[in-house]
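Participant: just to be clear, the model below is a prediction. Sequence and coordinates:
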Amino acid sequence: DQQVKQNSPSLSVQEGRISILNCDYTNSMFDYFLWYKKYPAEGPTFLISISSIKDKNEDGRFTVFLNKSAKHLSLHIVPSQPGDSAVYFCAATTNSGGSNYKLTFGKGTLLTVNP
Amino acid sequence: NAGVTQTPKFQVLKTGQSMTLQCAQDMNHEYMSWYRQDPGMGLRLIHYSVGAGITDQGEVPNGYNVSRSTTEDFPLRLLSAAPSQTSVYFCASSYLAGDKNIQYFGAGTRLSVL
């Protein structure tokens, strides 16, 4: 049973436009969420995170929105740049019981930003 | 800045062979983990460690052993490789700062079992 779902395997946007990547989760114990970016032949790199006590977190061009009632989060990239082309993974964990190092990942979304 | 270093980068094994995937971090992080990434499956947790001498199983531990004798190193052992273990393996390390536990990943080991 997949607890973190990224239902769009791929997304293509034009340079300068907004990219919106979506993620849904089913485990109500998850209270901390992260986005990782992965280029081919490299390990995932941390992008941005959000705690369940917040509904929005911004870092430069990247904003993550969390809707706890819908168990949904999204990553907005504005403006999108060709260098943003990568696979984006949504991950979730729970801070309770000292287990917040155990990440559950979605399957990833391949973002392609066209010049 | 070495961060998390994984060796080897590539490996081909025959069914039944054993090998150890190495992982070392130089950030003095408490937590270390091993994940595997398969096509269409995302990353799945194999084993993890919360400190030297302490390890536990993740989501897909069968066929793998780990140990953590030092803070820096967290090797993953395949005792008898099977074709189902063909995958890309990622090691990660992290530390806890408040409610944040951000994992830093190595570049991966691509393993093929024939």
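Facilitator: Arrived safely.

Participant: how about low-confidence regions in the chain?
Facilitator: Picked chain A for this. When residues are selected by pLDDT under 70, those of chain A lie in A:96-100.

Participant: oops, wrong one, chain B.
Facilitator: The model of chain B has pLDDT under 70 over residues B:1, B:99.

Participant: for chain A, give me its nearest residue in chain B.
Facilitator: Closest to chain A within chain B is B:F105: 3.4 Å, counting by Cβ to the nearest Cβ. Placement of C-beta: from N, CA and C, glycine included.

Participant: what's the burial count for the residue nearest to A:D1 when sequence neighbours are not counted?
Facilitator: Spatial nearest neighbour of A:D1, chain neighbours left out: A:T26 (7.5 Å); criterion: Cβ to Cβ, 6 or more residues apart in numbering or on different chains. Using other Cβ atoms under 10 Å in any protein chain shown, A:T26 has 12 other residues around it.

Participant: how about the residue of chain B closest to chain A, what does it touch?
Facilitator: By Cβ atoms under 8 Å, 6 or more residues apart in numbering or on different chains, the contact list for B:F105 reads A:Y36, A:G43, A:P44, A:T45, B:V4, B:F90, B:C91, B:A92.

Participant: and those residues as TSV, adding secondary structure?
Facilitator: Below are the contacts of B:F105 laid out as TSV (DSSP: H, G, I helix; E, B strand; the rest coil):
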residue	secondary structure
A:Y36	strand
A:G43	coil
A:P44	coil
A:T45	strand
B:V4	strand
B:F90	strand
B:C91	strand
B:A92	strand
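
Participant: buried subset of the residues you listed as a PyMOL selection?
Facilitator: A single PyMOL command selects the buried members of those (16 or more other Cβ atoms under 10 Å in any protein chain shown):
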select buried, (chain A and resi 36+43+44) or (chain B and resi 4+90+91+92)
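
Participant: would you mind naming what in chain A lies close to chain B?
Facilitator: When proximity is defined by Cβ under 8 Å from any Cβ of the partner chain, chain A lies next to chain B at A:4, A:6, A:32, A:34, A:36, A:41-46, A:49, A:51, A:89, A:91, A:93, A:95, A:98, A:100-108.

Participant: just the buried ones from those, in ChimeraX syntax?
Facilitator: Buried members of these, defined by 16+ other Cβ under 10 Å, are picked up in ChimeraX with:
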select /A:4,6,32,34,36,43,44,49,89,91,93,95,100,101,102,103,104,105,106,107,108
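
Participant: list the contacts of A:T93.
Facilitator: Contacts of A:T93 (Cβ under 8 Å, 6+ apart): A:F30, A:D31, A:Y32, A:F33, A:L34, A:S99, A:N100, A:Y101, A:K102, A:L103, A:T104, B:N101.

Participant: now swap in A:Y88 and tell me
Facilitator: Contact analysis of A:Y88 by Cβ under 8 Å, 6+ apart lists A:Q6, A:L21, A:W35, A:Y36, A:K37, A:K38, A:L47, A:L75, A:G108, A:T109, A:L110, A:L111.

Participant: redo that, cut-off 10 Å
Facilitator: By Cβ atoms under 10 Å, 6 or more residues apart in numbering or on different chains, A:Y88 lies in contact with A:6, A:11, A:19, A:21, A:23, A:35-38, A:44, A:47, A:75, A:77, A:106, A:108-111.

Participant: identify the bridge partners of B:Y35.
Facilitator: Listed by DSSP bridges, the beta-bridge partners for B:Y35 are B:L45, B:F90.

Participant: what of B:V4?
Facilitator: Applying DSSP bridges to B:V4 yields these beta-bridge partners: B:Q25.

Participant: how about the strands in chain A?
Facilitator: With DSSP state E as the criterion, chain A has strands at A:4-5, A:10-14, A:19-25, A:32-38, A:45-51, A:56-59, A:62-67, A:72-77, A:86-93, A:104-105, A:109-114.
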